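> Structure of the sequence below:
(chains A and B, ligands or ions: 3)
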Amino acid sequence: MRIVAAKKILKANDQVAAKNRDLLSGAGVCCVNVLGSPGSGKTTFIEALLKHFGGRIRAAVIEGDIAGTIDAERIEALGVPALQINTEGACHLDAPMVAAALRELDLNGVQLLFIENVGNLVCPASFDLGEHLRIVVLSVSEGDDKAVKYPAVFQSAQAVCITKTDLSPYIDFNLSRIMADVRRLNPGASCFQVAALRGEGVPAVAEWLAEHLHTGRSDFGHSGQK
Amino acid sequence: MHELAIAEAVIEQVQRELHRAGQRGRVHRVELSIGRLSGVNCDSLRFAFDLLAPGTIVEGATLHINQPTATCVCRACGKRTPIEELVVSCPACNSEQISIEGGRDLLLQSVDVEGPCESSPPRKF
Ligand SMILES: Nc1nc2c(ncn2[C@@H]2O[C@H](COP(=O)(O)OP(=O)(O)O)[C@@H](O)[C@H]2O)c(=O)[nH]1
Ligand SMILES: [Mg+2]
Ligand SMILES: [Zn+2]
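Ligands and ions are numbered 1, 2, ... in the order given. Below is the predicted model:
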């Protein structure tokens, strides 16, 4: 006999993600999932935002890496609570890993929670973590064809940040091409250009995030798969 | 290799479906729908499924994968064109005023299990 299921394969993950999102919304925390290749500048980007906010917005960070605690140490050096998840080989974070991290993390007073996903433009796209917003970080040195090559991740994000723009003079990166590709894939996405090491372009992203913080505690934009 | 995680989720989902339907028979076919733009590689998924299947309820089952298209929606000519891979302009009129919809879903479509309707009664000679 045939059982017709027609269900999402990652339904179990999505259910845990929905619980994470409810918990975070209930605690008044806006959660941002940051995705990008290894070395694209995710940690530097988060650091730049944290420096920009100073103490004005209370933040915390969950760092996802295959191994090591270097990134969490970088965040803690800024006086921001950080928690490292080691995926032990897995190429993406999933919702149960984040649920476990949320049990460890003191969310009291936290307004903004960044999750730095494992460096990868493919796998993390399919896994809803329970975030409210998803930001894709792409550095100019990775090439302007990446939206076309990795459409799923660009389609799933609320914002795309082109980083390391200070390197543009040395690299053949056609900004208008990638912007056009992103618009075709995801007309609603906000696009930013950032040179995180110099702090350039960071205020615009910070403002965009702050808007999301202030447009309602429990009604943040909803990421994940439609 | 997130195909391994996806294959794992498929097997768990099949388990839940069997349980829900009160079936305990052998699974002989699993049908998936993997969107063309999902970023999931079907060959890797098959490989992962075959790797994980032994010792689980899907041992020996064949994996059938449908790959639904995405849609190119054109604001210039209004056409909606099914596409198998990403395009940068409308296949109908070449306009770049397009957006891409769908093609990202990962679904467990159906499970064929040895059950009441198929198990033939013991033969008598
Ligand atoms: N020139 C330049 N380098 C950057 C920028 N952001 C990050 N980097 C460098 O890129 C490398 C990887 O950055 P990191 O934030 O660790 O990347 P992650 O692996 O995505 O977290 C480091 O050497 C950073 O100093 C930037 O805006 N400009
Ligand atoms: Mg990092
Ligand atoms: Zn057209």
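
> In contact with whichever residue of chain B sits closest to chain A, which residues are there?
Nearest to chain A in chain B, going by C-beta to the nearest C-beta, is residue B:2, at a distance of 3.3 Å. Backbone N, C-alpha and C define where each C-beta goes, glycine included. Each residue near residue B:2 by C-beta atoms under 8 Å, 6 or more residues apart in numbering or on different chains is listed here: A:90, A:91, A:92, A:122, A:123, A:126, A:127, B:40.

> List just the nearest of the residues you listed to ligand 3.
Of all these, residue B:40 has the smallest distance to ligand 3: 28.5 Å, by C-beta to the ion.

> In the sheet, which residues pair with the closest residue to the closest one other than its chain neighbours? Tell me.
Nearest in space to residue B:40, with sequence neighbours left out and distances taken as C-beta to C-beta, 6 or more residues apart in numbering or on different chains, is residue B:34 at 5.2 Å. Residue B:34 forms beta bridges with residue B:106, as assigned by DSSP bridges.

> Only alpha carbons, please: show the lengthiest helix in chain B as CSV.
For chain B, the longest helix by residue count, based on DSSP state H, is helix B:2-21. Provided in CSV are the C-alpha atoms of helix B:2-21 (Å, rounded to 0.1, in the frame of the first residue of the first chain):
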residue,chain,number,x,y,z
HIS,B,2,24.2,18.0,4.3
GLU,B,3,22.7,15.3,2.1
LEU,B,4,23.6,12.9,4.9
ALA,B,5,21.5,15.0,7.3
ILE,B,6,18.7,15.1,4.8
ALA,B,7,18.8,11.3,4.2
GLU,B,8,18.7,10.9,8.0
ALA,B,9,15.7,13.1,8.2
VAL,B,10,14.0,11.2,5.4
ILE,B,11,14.4,7.9,7.2
GLU,B,12,13.0,9.4,10.4
GLN,B,13,10.1,10.9,8.6
VAL,B,14,9.3,7.6,6.9
GLN,B,15,9.4,6.0,10.4
ARG,B,16,6.9,8.6,11.6
GLU,B,17,4.6,8.1,8.6
LEU,B,18,4.6,4.3,9.1
HIS,B,19,3.8,4.7,12.7
ARG,B,20,1.0,7.1,12.0
ALA,B,21,-0.5,4.8,9.5
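
> List the buried residues in that helix.
Residues of helix B:2-21 classed as buried by neighbour count (16 or more other C-beta atoms under 10 Å in any protein chain shown): B:2-11, B:13-14, B:17-18.

> Around the residue nearest to residue A:51 when sequence neighbours are not counted, count how many other residues there are.
Distances taken as C-beta to C-beta, 6+ apart place residue A:78 nearest to residue A:51, at 6.7 Å, with adjacent residues excluded. Residues near residue A:78, counting by other C-beta atoms under 10 Å in any protein chain shown, number 14.

> Hmm, residue A:48 and residue A:78 touching each other?
No - if you go by C-beta atoms under 8 Å, residue A:78 and residue A:48 don't touch, sitting 10.3 Å apart.

> picking up where we left off before, quick check: which of the contacts of residue B:2 has the minimum pLDDT.
pLDDT across the contacts of residue B:2 is at its lowest for residue A:90, which sits at 80.

> Can you verify that one is assigned to a helix?
No - counting by DSSP: H, G, I helix; E, B strand; the rest coil, one finds residue A:90 to be coil, located in no helix.

> tell me the contacts of the residue nearest to residue A:51?
With C-beta under 8 Å, 6+ apart, residue A:78 has these contacts: A:47, A:50, A:51.

> Wasn't it part of a helix?
No - assigned with three-state DSSP, residue A:78 falls outside any helix and is coil.

> And it, how close does it get to ligand 2?
Distance, residue A:78 to ligand 2, by C-beta to the ion, to the nearest Å: 14 Å.

> likewise residue B:5?
For residue B:5 relative to ligand 2 (C-beta to the ion), the value is 21 Å.

> Quick one, grab the pLDDT at that residue.
91.

> That one touches residue A:87, doesn't it?
No - contact criterion C-beta under 8 Å: residue B:5 and residue A:87 do not qualify, at 10.3 Å.

> How about the single nearest residue of chain B relative to ligand 2: what's its closest non-neighbour residue?
Residue of chain B nearest ligand 2, by C-beta to the ion: residue B:2 (18.7 Å). In space, and not counting its chain neighbours, residue B:2 is closest to residue A:123: 3.3 Å by C-beta to C-beta, 6+ apart.

> Select the longest helix from chain A.
Criterion DSSP H: the longest helix present in chain A is helix A:11-26.

> Give the buried residues for it.
A:11, A:12, A:13, A:14, A:16, A:17, A:20, A:21, A:23, A:24, A:25.

> From residue A:69, how far out is the third one?
What it means is residue A:13. 25 Å (C-beta to C-beta, to the nearest Å).

> Then the fifth one?
Summarising the geometry, the distance separating residue A:16 from residue A:69, computed by C-beta to C-beta, is 24 Å.

> Perfect, that will be all.
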